[in-house]
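Undergrad: Give me coordinates for this.
(one chain, ligands or ions: 2)
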Amino acid sequence: MVLQRIFRAVIMGPPGSGKGTVSSRITKTFSLKHISSGDILRANVNAKTELGLLMKCSIDQGQLVPDDVMSRLILSDLRAMDQSSWLLDGFPRTASQAEALDDNYRVDTVINLNVPFQTIKQRLTSRWTHFPSGRVYNIEFNPPKVAGLDDVTGEPLVQREDDTPETVTQRLKAYENQTEPVLEYYRSKGVLEIFSGTETNKIWPHVEAFLHRKLFSIKQKVA
Ligand SMILES: Nc1nc2c(ncn2[C@@H]2O[C@H](COP(=O)(O)OP(=O)(O)O)[C@@H](O)[C@H]2O)c(=O)[nH]1
Ligand SMILES: Nc1ncnc2c1ncn2[C@@H]1O[C@H](COP(=O)(O)OP(=O)(O)O)[C@@H](O)[C@H]1O
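TA: Numbering: from 1, shown residues only. Ligands and ions are numbered 1, 2, ... in the order given. Okay, here's the model as predicted:
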């Protein structure tokens, strides 16, 4: 679907709730740019940039990186795409980040994937990632065509160092303490849409239908 005006969305949910998987379906169906805070951080860690080296320890321990670092990083990327519609994945993750975003952009909608923690723990230990693109696979759910290789580039897949059971527990704690309050922030602004379930394939049709309705109503208002 081609958009008539700039549309800005955020996708939220605990680690492993399917944000990356749903985001790639959204960007395939709608013309939105996908910005993933985790992919940006991992690219910095891999390239051993100063920022990457400083942040690696927090990421490996399942802790959030400092708000000011994260907000500056994402806002500077967003500034470079002022004329584009976008989908933010993994940011904001704290109330302070949500306020920093709000000071600069009006968010049209926030999609929250509400998936039980028990479901997530099993998924993350079998997640395989293609780092350069952020594409994710899962041994049971969406295995690559050739084991261990990315479908598009044929490059090797790796397991994230923070997808160990101990670090996943830490990340879920950080989510409960720091990110859940952001949902309330967006609920009070009237932009929060919650999608609950345990399977992405069942959640996705609802997200897709919601976005079609939302974008149609925006188009009507513009016309
Ligand atoms: N078993 C199963 N795995 C899924 C499902 N949806 C996504 N996954 C996998 O779960 C892992 C986490 O999904 P991802 O999109 O990376 O979640 P994110 O951390 O919220 O971005 C990945 O390995 C996905 O391939 C699902 O419905 N069932
Ligand atoms: N907005 C953010 N604020 C602080 N830290 C972040 C943010 N986004 C990502 N990170 C860091 O990167 C790690 C991986 O994030 P991400 O790839 O979004 O994974 P997931 O959603 O699976 O937890 C987080 O555990 C955290 O250390």
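Undergrad: From now on I want contacts and neighbour counts done on CA atoms only, so please keep to that.
TA: OK.
Undergrad: what's the helix or strand where Ser217 lies packed up against?
TA: For Ser217, the host element (DSSP states H and E) is helix 200-222. Helix 200-222 sits against helix 19-29, strand 192-196, with contacts defined as 3 or more CA pairs under 8 Å, 6 or more residues apart in numbering; DSSP states H and E.
Undergrad: Skip ahead from the longest one and say which helix or strand is next.
TA: In other words, helix 19-29. Next helix or strand after helix 19-29 toward the C-terminus (DSSP H and E): strand 33-36.
Undergrad: neighbouring contacts of that next one?
TA: Contacts to strand 33-36, defined as CA atoms under 8 Å, 6 or more residues apart in numbering, come from residues Gly20, Ser23, Ser24, Thr27, Ser84, Ser85, Trp86, Leu87, Leu88, Asp89, Gly90, Phe91.
Undergrad: Can you go through those residues and name the buried ones?
TA: Gly20, Ser23, Ser24, Ser84, Ser85, Trp86, Leu87, Leu88, Asp89, Gly90, Phe91 (16 or more other CA atoms under 10 Å).
Undergrad: Wait, the fifth one touches Val10, no?
TA: No: under the contact definition of CA atoms under 8 Å, Ser85 does not touch Val10, with a separation of 11.2 Å.
Undergrad: pLDDT below threshold where in the protein?
TA: Counting by pLDDT under 70, the chain shows low-confidence ranges at 1-4, 222-223.
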